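S.K.: everything below, folded, please.
(chains A and B)
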Amino acid sequence: MEATTGDLTDPLINHADGQLFLHEAFKIIVEEVLCKGTDVKEKVCEWREPEELARLLDLELREKGEPQENLLQRVRDVAKYSIKTSHPRFFNQQFAGVDYHSLAGRFLSEALNTNLFTYEVAPVFVLMEAEVLRGLRELVGWTEGDGLFCPGGSTSNMYAMNLARYRLYPEVKSRGLWSLPQLTIFTSPESHYSVKKGAAFMGFGMDNVILVKGAAPFLVSCTSGTTVQGAFDPLHRIADICDKHKLWLHVDAAWGGSVLFSKKHRHLMKGVHRANSVAWNPHKMLVAGLQCSVLLLKDTTDLLKKCHCANATYLFQQDKFYDVNLDVGDKSVQCSRKVDCLKLWVMWKAVGSAGLEQRVDKAFLHARYVVDQMKKREGFQLLREPEFVNVCFWFIPPSLRGKEKNADYQNRLAKVAPVIKERMMKQGTMMVGYQPLGDRVNFFRITILSPLVSQKDMDFFLDEIERLGNDL
Amino acid sequence: MASSTETHIEDNDPLDDPPLDFAATESFLRQAMTMILEDAVKKATDVRQKVCEWHPPEELKELLDLELRDGGESEARILELCRDAIRYSVKPTHPHFFNQLFAGLEPYSLVASFITEALKPSLYTYEVSPVFTLMENAVLKKLIQTVGWEEGGDGLFNAGGSMSNMYAMNLARYRHFPEIKELGNSAAPRLAVFTSQECHYSISKAAALMGIGTKNVFVVPSDKRGKMIPSTLEEQIKSIKSEGGVPFIVNATAGTTVLGAFDPIDEIADICEKYKLWLHVDACWGGAVLMSNKHKLLMKGIHRVDSVAWNPHKMLMACLQCSAFLVRDKSRLLQRCHSARASYLFQQDKFYDLSYDTGDKSVQCSRKPDAFKFWLMWKALGASELEQRVDRALAMARYLADEITKREGFRLLMEPEYANVCFWYIPPSLRDLPDGPEFQEKLHNVAPVVKERMMKKGSMMVGYQPHRGQANFFRMVVISPQVSRQDMDFVLDEIHSLGKDL
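M.R.: Alright, predicted model coming up:
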């Protein structure tokens, strides 16, 4: 292949065009996503069936490109048909709301487009990540330790399992599981499904996530803030058992970890300092924005690096001119790794730990308010008193009230939530999740965490459930 | 639990207030964006600015004021902190950043990133991410078409190519021994993975994480051009089988990390078919050749493989991360292998077609809509522009290699096949030394010093590494359509300028 030198003399792209597009697109993002997306007068979602939406979006990827006006319209369309997860009436998941400082941090992370494997390509963020992890570890009660940001809590949980396995049987890294006894992981039935997925992925097998006779337990994964009910496992008692049997104690605090910011509520995680590892997702209750997930470790023996390193010489040269311990990449199972610490750092700087504490406390107050209101309103039946900010309840339409003894009551009740959900989505007024759990039929789970919600939104939510479901 | 009376008493901070309001913070955001566009985008891509502003860690810590405190700071201070973060960050979008397998700025992809950050969607269900679910499907479909699987396939976007490679291993393992999902590795005999000596280290990390063990990753030697030797692969497979091991996957690399070499996929596919092994192609780096009519021959045979990992965030410059995993399967293997069917997320009684809830294909729970970054840029540029970029990058690499060959003091490791140009710089003082241990040792010390100097000066960034016992050599990686011949000349001039006294 010959170089066509004529073509190579000038840059192929025009930066001015690109920068103009960035500028124009940002205006649309501000208007359509940030302004409208957080305005209660606007819809939470603009429902379309998949085939129709595919047509509206004109998804096909073609040979030729398009002019900027077309592209700006596409930006508008994406905004229009996407769910407004920052909307005050988005209660569907364990993330919601928006923090604008964190958002600035996220935009900045994207623009800088770097990778967190070495100090040489990400000097600022290697240092920043270390500082943020230190701050979070301090809240757990550790003055030293290790950790890193992972692409999600599921990965953090997997890392914990891997470290526990490696600590007990370091030869597993090179030899695999073939020569080991059958390892088992203990966790509660309410734990997040990533424990099972992780167990399958890592070769333990999903079946070995529950005690099997004759097998070798090596890890207990307990949960601080379970997904559905928001329950907190009793950490001190579990830690006692782990100490006694020399098991690794991992705390999946992906959802509940943020209580550690609150002097009032941190008791829910009393004993957490006794754990070996903690998974915590600031993108949940702290509103840092997806993704922002940490794994914190009490270990100071470089276990994370020893467990994961592959010592690739093209990346982790040992003869660099700076302290190569700053090249944190080999602590990770990933190669390229996004900068997820900046969004949390900017927000923390902006509002301080006190500000984050206030946010957490407020979420609890909102949840308390909703619970109190539900007790006053007919038709709302709580599953149980919430410990956290998940409020799980059934809405019982008038036609079913007082009919609990009927044989088909449960079946009919199970059908209520899905219909209300469909209606709320098609009307775009709000989004709340529902699910069955064990032998309990479909119930709603509202998770209240956004700093954008007010009491009016709580009242609206209750009124709206009634409005959508009264005729069922 | 607090009673309702307690709530009223404590409720001085009224639940009535809308605490955060967009109007109040709009000004902050606009200022932040203006700064980002000016400092992190415009200046960062300006060749007259530095690529990096080097500071040793202790000094940098002080400059950044990293400490997290109890109290918050003013908006002006926050903007200042962000400005500093930009200033002291390395600029991978700079025209003289050649350090990694990603570079340059793709503004359409960046806009998609911004939209994603503003919307903060998670890609597990159609209900929460209708637009992005469809987009991911559309992009995967197009990539599968490009790979050449006429019957179609499946896939998803992952948090990095390492994860895509892991998925391949997991699917291959599951296909061979589906009971492993429930029972664990011990339900199967000792599995064996085959890969070339030039492969990416994620294969090794995958084997460790998945309980297979790095010792069960068998490394097949490569030839002088960095390509896996198929005959040796076959010998190794036979040998392992005779020992009682069970080969289940071969990982071929299309575009190796250091040399940019392409394994001979067709021949490897013959062997995999013969022994019924899963063939995965790690095309994270080299996959982009498939966009080019001129260069796609490098991946001849790709339509025969079981899975492909391809990172548009590398040669095609989509923003990090953008990593596709494609699998030639229509039996919902991904779903079956990974599913946990959590009922709080994947309810079976939803009011829409549940096949659009793709979350259970993944090992992750929340997942970013990375495909969108590629979709928007493809819409903007079209396949023909993407092809032009790939062709140009390779032509530029060719030009650089030719220049290296012409210049005294520069020695090419091998003729580049792709966009990696590996070479030594030999300072004048070493040029008359005979090749031998003394020469090699002295040569080995050249690149690290030149690298240090270029970083402290901030003029450019080029990677170096030792490889297969050879002295440290530079690895120039040519990606961005922003760079031109002058930049290639500059690189060589600058290396000479920085290293001639050594």
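
S.K.: for A:Val195, give me phi and psi.
M.R.: Phi and psi for A:Val195, reported as degrees, to the nearest 10, are phi -60, psi -40.

S.K.: just A:Gly433 next, same as before
M.R.: Dihedral angles of A:Gly433 (phi, psi; degrees, to the nearest 10) stand at phi -90, psi 160.

S.K.: residues in contact with A:Gln381?
M.R.: Applying Cβ atoms under 8 Å, 6 or more residues apart in numbering or on different chains to A:Gln381 gives the contacts A:Phe393, A:Trp394, A:Phe395, A:Ile396. Using the backbone N, CA and C atoms, a C-beta is placed for each residue, glycine as well.

S.K.: would it count as being in a strand?
M.R.: Yes. The assignment for A:Gln381, made by DSSP: H, G, I helix; E, B strand; the rest coil, places it in a strand.

S.K.: which residues does it form beta bridges with?
M.R.: A:Trp394 (DSSP bridges).

S.K.: roughly how far apart are it and A:Tyr409?
M.R.: Using Cβ to Cβ, to the nearest Å, A:Gln381 is found at 12 Å from A:Tyr409.

S.K.: mean confidence score for stretch B:331-341?
M.R.: Per-residue pLDDT over stretch B:331-341 has a mean of 93.

S.K.: kindly check the end-to-end length of that stretch for me.
M.R.: 17 Å (Cα to Cα, to the nearest Å).

S.K.: stretch A:279-288 too?
M.R.: With Cα to Cα applied, stretch A:279-288 spans 15 Å between its terminal residues.

S.K.: same question for stretch A:224-231.
M.R.: End-to-end distance of stretch A:224-231 (Cα to Cα): 7 Å.

S.K.: show residues contacting it.
M.R.: A:94, A:188, A:190-192, A:223, A:232-233, A:235, A:251-257, A:259, A:268-269, A:272, A:383-384, A:386-390, A:392, A:435, A:437, A:445, A:447, B:342, B:344.

S.K.: out of the residues you listed, list just those in strands.
M.R.: A:Thr223, A:Val251, A:Asp252, A:Asn390, A:Cys392, A:Gln435, A:Leu437, A:Arg445, A:Thr447 (DSSP state E).

S.K.: those residues: which ones sit near chain B?
M.R.: On the criterion Cβ under 8 Å from any Cβ of the partner chain, A:Gln435, A:Leu437, A:Arg445 are the entries of these that sit beside chain B.

S.K.: now, which of the residues you listed sits nearest chain B?
M.R.: Using Cβ to the nearest Cβ, A:Gln435 comes nearest to chain B of those, at 4.1 Å.

S.K.: from B:His313, how far out is the residue lying closest to the closest one once chain neighbours are set aside?
M.R.: Excluding the flanking residues, the one nearest A:Gln435 by Cβ to Cβ, 6 or more residues apart in numbering or on different chains is B:Tyr344, at 4.1 Å. Going from B:Tyr344 to B:His313 by Cβ to Cβ gives 32 Å.

S.K.: quick one, which of these two is more surrounded?
M.R.: B:His313 (26 against 18; other Cβ atoms under 10 Å in any protein chain shown).

S.K.: verify the contact between the more buried one and B:Gln321 for me.
M.R.: Yes. The criterion here is Cβ atoms under 8 Å, and B:His313 meets it with B:Gln321 at 5.7 Å.

S.K.: hey, what's in contact with both of the two?
M.R.: Joint contacts of B:His313 and B:Gln321 (Cβ under 8 Å, 6+ apart) are A:Ser336.

S.K.: what is the neighbour count of the closest residue to B:Ile265 other than its chain neighbours?
M.R.: Spatial nearest neighbour of B:Ile265, excluding adjacent residues (Cβ to Cβ, 6+ apart): B:Gly301 at 3.7 Å. When counting by other Cβ under 10 Å, one arrives at 19 neighbours for B:Gly301.

S.K.: may I have the residues that are in contact with B:Gly301?
M.R.: By Cβ under 8 Å, 6+ apart, the contact list for B:Gly301 reads B:Pro264, B:Ile265, B:Asp266, B:Glu267, B:Ile268, B:Ala269.

S.K.: just the strands in the chain please.
M.R.: The chain I'm using is chain A. A:90-91, A:146-150, A:183-187, A:216-223, A:248-252, A:277-280, A:293-297, A:380-382, A:390-395, A:431-437, A:440-447.

S.K.: ah, no, chain B please
M.R.: Using DSSP E, strands in chain B cover B:97-98, B:154-158, B:191-196, B:217-220, B:246-253, B:278-282, B:307-310, B:323-327, B:410-412, B:420-425, B:461-467, B:470-477.
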